[in-house]
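Trainee: Generate a structure from the sequence data that follows.
(chains A and B)
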Amino acid sequence: MMELDRIGLVVGRELRAERRQPDGIVAAVTFITVLVLLESLIVGPAVARDADVAPALFWLALAFATILATMRSFDRELEDDALEGLVALPGGRDALFGGKVVALSIVLALVAAVGGILSLVLLDLPLALPFHLVLVVVLGVIALPPVVVVNVVLALRLRARAALVPILALPVLVPQLVAASRGASAAISGDAVGALSWAGLLFAFAVVYSVLGLTIVPAAID
Amino acid sequence: METTLPRGTPMLRIRPWLGIAAAASFVVASVMALFWAPTDAVQGDVYRILYVHVPLAWLAYLAFVIVFLASVGWLWTKRPVFDAIAVASAEIGVLFTGLFLVAGSFWAKPTWGVWWTWEPRLVTTAIMFIMYVGYLLLRGLSTDFSRRATRAAVFGIIAVIDVPIVHLSVLWANSLHQLPTVLRAAGAPALDASMLLTLMVSLGAYTLIYAYLMTARVSLELGRQERLWTT
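Mentor: So this is what the prediction gives:
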C-alpha cells in the first residue's frame, strides 16, 4: 500500500471517529465562540474591532483549539487501545502522523470558519481583501497541526500532559501565530503585499514542520 | 565530585585543566572589561555589561545547538553519551539564557529607561528560555530512560529552529535592540579594536566555563546512567 493511501485511511478513520464522537470539535468550536464573545466584553468593542487585536486573539484561540482537538483525538486512540495496532502496521507511524495532521487541518478549518464568521459578524470587522484573508486562514490551519501533533505525541502517556503540551507547543508556534495574525490583519486592512508575504511564511513553516514531523516523529512513537 | 567514570577517562583528566584555564581566562577577561577597554563615547561605562551580555548570548545559542547535535546523535546511534551531552547542554543553556535575560535587563534600564520592553529580541529570547524549560520538564516527567531520551531528542531538534529566529529578530522586526556589531552582513565588526579584543577574550573565557561545566555535568549524567543499568 502506498504511503498516501495509508495516510488517506487514517484521515478517513479520524474523520469518522470525529463524526461519531464529536467531542473534540465541539470543545474547539465552543472554546473559540466563547473567546470571541468574551473578547469585546474584556477589552471593549472599540479595541476588539482593531485590525491588529481581533486577528491576534482569534489565532491564539485557534492555537488552543488545535491543542484541545489534537489531545482529544489521541485520548480517543488510547481509550480504545487503537494506537498499538496502528503503529504496528508497516508504515503505520508515518501514516499516523500524516493522517492526524491532515484530519486535524480539516477539523480546524471548520473551527476557523465558525470562529472567523463569528468574529467578522459580531465584531463588524471591515474586510478589504476577502480572498487574501481566506488564503491566510487556509495556510494557518495547515501550519498549526504539525507542531501540535508532534508535541502531543511527545507528551503521550505522561502525567500532567494537559499542562505540558501547551508549554511545549506554544513557544514553537510563535512564528506561525505571528505570521497568521499579521497576515489576517493585513488582509483586513487592505495590504495585499503584506498578506501575501505572511501567507508565504506560513506556507514555509507548514512545509518545514510537516517534513520534520514525518522524518522524526515515527521515532518518538512508542 | 563523585562519578562512576573509570580513572583515566579523557574527560576526567582534562577537567581540572579546563577549570584552571576557565578561571584564569575569566579573571583576565574581567580585568580587560573593567579596566583596559576604553569607555564608550555614547553610553559611558554602562556599555561594559556587553562583555558579559554578549558571551552569555553566545553560550545560550551554542548550548542549544549542542542539544540539537546531541539529539540527532541519540536518534541516529542510540548511544547514551549523546543523551548525557544533550541534558547537560540544555541545563547549562537554560542557566545562561536566564543570566542573558537578566544581564540584558540591567543594560536596558540605564539605556532604554525600562527593565523590560516588548521588543522582538527580548521576547524571542524569553520564549527560547521557556522552550528549553519545557524540554527539561519533558525529561523530568518521563521515567523510562530510552523513551525519555527519544522524546527529548525530538523536541531538542524542533526547538533549535528558535535559535536563528532569536538572533535575526532584530533584523526582521523594527527593533529597539541594537543590530549585530560583530557578525555583520555589512562587513567588519563595528567595534573599536581594543573593545573587540576584550569581547573576544570574554567569549573565549565564557566558552571555557561552558566546556568545564559540560565535562562535569556529562560525567555526572554518565554515572547516573551507569547506576540505572546496574540496578
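Trainee: Get me the contact residues on chain B for chain A.
Mentor: Counting by C-beta under 8 Å from any C-beta of the partner chain, chain B comes close to chain A at B:75, B:124, B:127-128, B:130-131, B:133-134, B:137-138, B:141-142, B:147, B:150-151, B:153-155, B:157-159, B:161-162, B:165. Where C-beta positions appear, they are placed from N, C-alpha and C, glycine not excepted.
Trainee: Out of those residues, name the ones that lie in helices.
Mentor: Counted as lying in helices by DSSP state H, out of those, are B:75, B:124, B:127-128, B:130-131, B:133-134, B:137-138, B:141, B:147, B:150-151, B:153-155, B:157-159, B:162, B:165.
Trainee: For the residues of chain B next to chain A, which PyMOL command selects only the ones that are buried?
Mentor: Filtering those down to the buried ones (16 or more other C-beta atoms under 10 Å in any protein chain shown) takes a single PyMOL command:
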select buried, chain B and resi 75+124+127+128+130+131+133+134+137+138+141+142+147+150+151+153+154+155+157+158+159+161+162+165
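Trainee: for chain B, what's the longest helix?
Mentor: Ranked by number of residues, the top helix in chain B under DSSP H is helix B:193-230.
Trainee: helices or strands next to it in the packing?
Mentor: Here helix B:193-230 touches helix B:10-31, helix B:50-77, helix B:80-112, going by 3 or more C-beta pairs under 8 Å, 6 or more residues apart in numbering or on different chains; DSSP states H and E.
Trainee: Including mean pLDDT, could these go into TSV?
Mentor: TSV is the format used below for the helices and strands packed on helix B:193-230 (pLDDT from 0 to 100):
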stretch	mean pLDDT
helix B:10-31	88
helix B:50-77	93
helix B:80-112	92
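Trainee: out of those, nearest to A:W198?
Mentor: A:W198 lies closest, by C-beta to C-beta, to one member of the helices and strands packed on helix B:193-230: helix B:50-77, at 26.3 Å.
Trainee: What residues sit buried inside that closest one?
Mentor: Applying 16+ other C-beta under 10 Å to helix B:50-77 flags B:50-64, B:66-75 as buried.
Trainee: can you check stretch A:37-44 too?
Mentor: Within stretch A:37-44, the residues that count as buried by 16+ other C-beta under 10 Å are A:39-40.
Trainee: what is the mean pLDDT for it?
Mentor: Averaged across stretch A:37-44, pLDDT comes to 84.
Trainee: ok, and the closest non-adjacent residue to B:A149?
Mentor: Nearest residue to B:A149, sequence neighbours excluded (C-beta to C-beta, 6 or more residues apart in numbering or on different chains): B:D83, at 4.0 Å.
Trainee: and the lowest-mean-pLDDT helix or strand in chain A with chain B, contact?
Mentor: Across the helices and strands of chain A, mean pLDDT, DSSP states H and E gives its lowest value to helix A:82-88, namely a mean of 74. No. Helix A:82-88 is not in contact with chain B by C-beta under 8 Å from any C-beta; minimum separation 13.7 Å.
Trainee: Distance from stretch A:164-175 to the middle of the chain?
Mentor: Using C-alpha atoms, centre = their mean, to the nearest Å, the mean C-alpha position of stretch A:164-175 is found 12 Å from that of the whole chain.
Trainee: List of residues touching that stretch?
Mentor: Residues outside stretch A:164-175 that contact it (C-beta atoms under 8 Å, 6 or more residues apart in numbering or on different chains): A:63-64, A:67, A:70-71, A:144, A:147-148, A:151-152, A:154-155, A:158, A:201, A:205, B:124, B:127-128, B:130-131, B:133-134, B:137-138, B:141, B:155, B:158-159, B:161-162, B:165.
Trainee: which regions of chain A sit below the pLDDT cut-off?
Mentor: By pLDDT under 70, the low-scoring segments of chain A are A:1, A:221-222.
Trainee: near chain B, which residues of it show up?
Mentor: A:147, A:150-151, A:154-155, A:158-161, A:164, A:167-168, A:171-172, A:174-175, A:208-209, A:212, A:216-217, A:219-220, A:222.
Trainee: ok, of the residues you listed, which come out buried?
Mentor: The neighbour count (16+ other C-beta under 10 Å) marks A:147, A:150-151, A:154-155, A:158, A:161, A:164, A:167-168, A:171-172, A:174-175, A:208-209, A:212, A:216-217, A:219-220 as buried among these.
Trainee: helix/strand/coil for B:P38?
Mentor: coil (DSSP: H, G, I helix; E, B strand; the rest coil).
Trainee: Isn't it up against B:A193?
Mentor: No. B:P38 is not in contact with B:A193 according to C-beta atoms under 8 Å; the separation is 10.1 Å.
Trainee: Against which helices or strands is the least confident helix or strand of chain A packed?
Mentor: Helix A:82-88 packs on helix A:53-79, helix A:92-122, going by 3+ C-beta pairs under 8 Å, 6+ apart.
Trainee: quick one: which of those is nearest B:V28?
Mentor: helix A:53-79 (47.9 Å).
Trainee: Now for B:L136, how many residues are close by?
Mentor: By other C-beta atoms under 10 Å in any protein chain shown, the residues close to B:L136 number 15.
Trainee: Tell me who's in contact with the nearest residue to it once chain neighbours are set aside.
Mentor: Ranked by C-beta to C-beta, 6+ apart and with sequence neighbours excluded, the top spatial neighbour of B:L136 is B:A90, at 6.1 Å. Contacts for B:A90 (C-beta under 8 Å, 6+ apart) come out as B:63-64, B:67, B:132, B:135-136, B:139, B:152, B:156.
Trainee: From what I see, B:V114 and B:A108 are in contact.
Mentor: Yes. Contact between B:V114 and B:A108 holds when scored by C-beta under 8 Å: they sit 6.1 Å apart.
Trainee: Those two: which has the busier surroundings?
Mentor: Neighbours per residue (other C-beta under 10 Å) separate B:V114 from B:A108, with B:A108 holding more: 19 against 12.
Trainee: Is the more buried one in contact with B:W115, as I believe?
Mentor: Yes. Counting by C-beta under 8 Å, B:A108 does reach B:W115; the two are 6.3 Å apart.
Trainee: Could you verify my assumption that B:S202 touches B:L56?
Mentor: No. Contact criterion C-beta under 8 Å: B:S202 and B:L56 do not qualify, at 9.8 Å.
Trainee: give the contact list for residue 154.
Mentor: All of this is about chain A. A:168, A:220, B:138, B:151, B:154-155.
Trainee: wrong chain, I was asking about chain B
Mentor: By C-beta under 8 Å, 6+ apart, the residues touching B:V154 are A:150, A:154, A:216-217, A:219-220, B:71, B:75.
Trainee: any idea how far A:D75 is from A:L118?
Mentor: In this structure, A:L118 and A:D75 are 27 Å apart, going by C-beta to C-beta, to the nearest Å.
Trainee: Pull out the buried residues from the least confident helix or strand of chain A.
Mentor: A:83, A:86.
Trainee: Next, work out how far apart B:A24 and A:V137 are.
Mentor: Distance of B:A24 to A:V137, computed by C-beta to C-beta: 58 Å.
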